[in-house]
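**Student:** no sequence on hand, only this structure:
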């Protein structure tokens, strides 16, 4: 028996006293990477006291926002490379970097 859980969907499995085995296979697409970046940015904005609109996963505004965020991220990665530091996507062994 199996179940699909979207990347950002919290879940909790209860099966009583029986033993259970779980395997998690994470599959990233451009859409999941885009949503991740938008959620991460909204979190940072909330930490600054701002109130960004919730991520809905579609729409021209979110596509434009994602484009701008990726440009900022690429610029920051280039600056890090000039300093000899690893860009964001290479900091962790299992990073969803591109």
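**Tutor:** Great, that's in hand. Note that the coordinates shown come from a computational prediction; the quantities given were computed from them, not determined experimentally.
**Student:** okay, now the unreliable bits of this structure?
**Tutor:** For the chain, residues meeting the criterion pLDDT under 70 lie at 1, 6-8, 57-58, 88-98.
**Student:** show me where it has its strands.
**Tutor:** Remark: strands of the chain are absent; assignment by DSSP state E.
**Student:** longest helix in it, by number of residues?
**Tutor:** Identified as the longest helix of the chain according to DSSP state H is helix 60-82.
**Student:** endpoint to endpoint, stretch 45-64 covers what distance?
**Tutor:** 17 Å (C-alpha to C-alpha, to the nearest Å).
**Student:** hmm, who's touching that stretch?
**Tutor:** With C-beta atoms under 8 Å, 6 or more residues apart in numbering as the test, stretch 45-64 has contacts from 31, 34, 35, 38, 39, 41, 42. C-betas here are computed from N, CA, C, even on glycine.
**Student:** if we go to 7 Å?
**Tutor:** Contact with stretch 45-64 is made by 35, 38, 39, 42, as judged by C-beta atoms under 7 Å, 6 or more residues apart in numbering.
**Student:** off-centre distance for it?
**Tutor:** Here stretch 45-64 is found 13 Å from its chain centre; the criterion is C-alpha atoms, centre = their mean, to the nearest Å.
**Student:** residue closest to the middle of this structure?
**Tutor:** residue 36 (2.4 Å; C-alpha atoms, centre = their mean).
**Student:** now that residue: how far from residue 30?
**Tutor:** Distance from residue 36 to residue 30, counting by C-beta to C-beta, to the nearest Å: 11 Å.
**Student:** the residue of the chain positioned farthest from its centre and residue 11, how far apart?
**Tutor:** Note on the chain: the largest separation between a C-alpha and the mean C-alpha position, by C-alpha atoms, centre = their mean, falls on residue 17 (34.0 Å). Distance of residue 17 to residue 11, given as C-beta to C-beta: 20 Å.
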